[in-house]
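[1] Need coordinates for the below:
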Amino acid sequence: MMFQMSDALTLWIIPMNIGLGVVCAEGGDFTAGLDMPKFFGPKAENWDLRDGTIDVFALANRCRKPIVTAVQGIVYTIGIGNVLAGRYCHCRDDCRFCQMESKRGIAPFGVRTFAS
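    The predicted structure is shown next:
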């Protein structure tokens with residue numbers, strides 16, 4: 001999913017007549033978090049940024065166009081990172097936010113560590 005989001009953001013920045021992007025989820029929840037073993041540990045997958053693509057975490061090749069992140073329902077871990085990587089956030093009144101890494105003794109990573 002991280003590669004798909006990166007590809008979508010990269011394609012979106014090319015047309016000059018599109019000035020604003022919206023990232024939203026389909027369904028009742030934005031994200032239930034991430035699959036921890038895919039990101040950490042001996043079976044972790046390589047999710048390094050590919051050359052020339054936008055970094056979903058906004059740490060390397062950041063999207064310069066404004067992004068609105070529209071969230072609803074559960075917004076856990078990686079969803080919070082997506083919100084902070086964008087410029088604006090629209091939250092439905094049923095949002096529940098949780099930083100799951102800290103409950104597991106893991107420091108939050110990505111844009112959540114460096115967001116200003």
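[2] hey, where'd the helices end up in this structure?
    2-13, 36-39, 78-85, 100-103, 111-114 (DSSP state H).
[3] Give me whichever of the ones you listed is most buried.
    helix 78-85 (a mean of 24; mean count of other Cβ atoms under 10 Å). In short, each C-beta sits where N, CA and C put it, glycine included.
[4] What ranges in this protein fall below the confidence cut-off?
    Scanning the chain for pLDDT under 70 picks out 15-16, 40, 47, 108-116.
[5] still on that earlier bit, go through the helices of the chain and name the closest to T53.
    helix 2-13 (4.6 Å; Cβ to Cβ).
[6] Run the angle between the closest one and helix 78-85 for me.
    20 degrees (axes from the mean of the first three to the mean of the last three Cα atoms, to 10 degrees).
[7] Who are the packing partners of helix 2-13?
    Judged by 3 or more Cβ pairs under 8 Å, 6 or more residues apart in numbering; DSSP states H and E, the packing partners of helix 2-13 are strand 21-24.
[8] who's V75 bridged to?
    Beta-bridge pairing of V75 under DSSP bridges involves T31, F97.
[9] Return the residues in contact with it.
    V75 makes contacts with 29-31, 83, 91, 95-98, as judged by Cβ atoms under 8 Å, 6 or more residues apart in numbering.
[10] Report the buried members of those.
    29-31, 83, 95 (16 or more other Cβ atoms under 10 Å).
[11] what's the closest of those residues to F57?
    Using Cβ to Cβ, these come closest to F57 at V83, 11.7 Å.
[12] That closest one is in contact with Q99, isn't it?
    No: proximity of V83 to Q99 does not meet the contact threshold set by Cβ atoms under 8 Å, at 11.7 Å.
[13] Against G73, how distant is G28?
    To G73, G28 is 5 Å away according to Cβ to Cβ, to the nearest Å.
[14] Can you tell me the closest non-neighbouring residue to the residue nearest the centre of the chain?
    Note on the chain: the residue nearest the mean C-alpha position is N82, at 2.6 Å, using Cα atoms, centre = their mean. Nearest non-adjacent residue to N82, counting by Cβ to Cβ, 6 or more residues apart in numbering: T69, 5.6 Å away.
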